[in-house]
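Undergrad: Could you look at this predicted model? Sequence included:
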Amino acid sequence: MPSNEQRREAAKRKLERQLERRAVAARRRKQLTIGGSIVGVVAVVVVIALIVWLTGGDDEASTQATPVDVTDVYLAGAVAMPQERSEPLPEIVNCEYVPGGEASREVQPPSAEVNTTAGAINLTMETSEGNIGLTLDREKAPCTANSFESLASQGYYDNTPCHRLVLGGSIRVLQCGDPNGIGNGGPGYQFNDEFPVDQFDPMSMEAQSPVIYPRGTIAMANAGPGTNGSQFFMLLRDSALPPAYTVFGTIDDGGLETLETIGRGGNDDPAGNDGAPNLPVEIRSVTAS
C-alpha cells in the first residue's frame, strides 16, 4: 500500500502534467478575459485542494484524511506578483494608442509621450456608493496611467455604470469603464499591456499560472493581449489571476470601504459568482485630487 509520501509525489506529478496541458492550451487561445480566468484558476485551486485532502499534512499513517475548504487554499497555487520592474523604464516613453473598435463616447487619444518620473497621478472617483481615491503609477504603467487620466479629464467615465461584480472562486473584483454598461464598450483605441504582464515570457508556464493580484489595486480588463481600452477592475481582496492584466494604481482606504459595501450587497447571479452588482453602482465623475 503506498505511503502518504508516495501519494503526495504522485499527486504532485499529476498536477504538474495538468498545469502543462493547460499552459499549452492557453497559448493557443487568442482571447483571455477575466471570466475565462475564473474557470482556469478555480480548476487549479480545486486540484490543489484535492491533493491536500488526499495526502494529509504529515507522513504518519492515517485512516481518515482531513477535508480542506477550497476557500481556505484558493491562493495556494498562486505566487506573489513582482513588486518592481526587473529594469526601470526610461525617463520618457512613447506610447502607441492604435485605433480599435467603435468608440462608446467620442474622445481624443492621449498624447503619446509620457514622463515616467513625473510622479503619481491622484484622482477621486465619485460613485453612487461613495468616493474611491486612486493613485496611478506612471513608473510601472505609464501608458495605462496616461490613458486613464486622459479619459477621466475628457469626462469619459462620468455617469457610467460599474456593470460587473465577480465574487466567485478565487476572484473578488468590481469591473467598470464601459459607458454601454454591458462589457463591450471602449474608447475607440487600444494599447499594449504593461506591468506585470511585461515581466513574464508570454510562452512560459509562469505566464499562464496564477499570481496574486493584491487587494486595493486597480487593473485593466481586456479581451486578449494588447487590447486595453477603458474598462478596468478594482480588487476587493487578494485574487488569483494569470499575469495578463496591467496593474496601474492603488485604491485608498476610503475607497476600499466603498468597495466592501458594494461587495456585501452581492450580485444578481443566482449562484453569487459573476453578475451585475445588486447595489447599482454609477461613476459620477473622476477628477484630479
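TA: Thanks, I have it.

Undergrad: What residues does residue 100 make contact with?
TA: Residue 100 makes contact with 186, 188-190, 227, 229, according to C-beta atoms under 8 Å, 6 or more residues apart in numbering. Quick note: C-beta positions are derived from backbone N, CA and C, even for glycine.

Undergrad: Same question for residue 184.
TA: residue 178.

Undergrad: Which elements pack onto the helix or strand harbouring residue 234?
TA: For residue 234, the host element (DSSP states H and E) is strand 232-235. In terms of contacts (3 or more C-beta pairs under 8 Å, 6 or more residues apart in numbering; DSSP states H and E), strand 232-235 is packed against strand 173-176, strand 217-220.

Undergrad: For the first one, name the packing helices and strands.
TA: Contacts of strand 173-176 with other secondary structure elements, assessed using 3+ C-beta pairs under 8 Å, 6+ apart, are made with strand 164-166, strand 232-235, helix 253-264.

Undergrad: So which of the ones you listed is nearest residue 94?
TA: Evaluated over the helices and strands packed on strand 173-176, closeness to residue 94 peaks at strand 232-235, with 22.6 Å, by C-beta to C-beta.

Undergrad: Indicate each strand paired with the closest one and its parallel or antiparallel sense.
TA: strand 173-176 (antiparallel), strand 217-220 (antiparallel) (DSSP bridges).

Undergrad: Show me the contact partners of the next helix or strand after the first one.
TA: Tracing the chain past strand 173-176, the next element assigned as helix or strand by DSSP H and E is strand 189-190. For strand 189-190, the external contacting residues (C-beta under 8 Å, 6+ apart) are 97-101, 103, 109, 226-229.

Undergrad: Give me the distance between strand 189-190 and the centre of its chain.
TA: 19 Å (C-alpha atoms, centre = their mean, to the nearest Å).

Undergrad: before we move on, what about stretch 281-289?
TA: Distance of stretch 281-289 from the chain centroid (C-alpha atoms, centre = their mean) equals 21 Å.

Undergrad: For it, buried residues please.
TA: 281, 283, 286 (16 or more other C-beta atoms under 10 Å).

Undergrad: Make JSON lines from these and add secondary structure and distance to residue 255 to it.
TA: As requested, these are exported to JSON lines (DSSP: H, G, I helix; E, B strand; the rest coil; distance: C-beta to C-beta, whole Å):
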{"residue": "281", "secondary structure": "coil", "distance to residue 255": "12"}
{"residue": "283", "secondary structure": "strand", "distance to residue 255": "12"}
{"residue": "286", "secondary structure": "strand", "distance to residue 255": "12"}
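
Undergrad: that older thread, for residue 122, which of the helices and strands packed on strand 232-235 is the nearest?
TA: Per C-beta to C-beta, nearest to residue 122 of those: strand 217-220, 12.8 Å.
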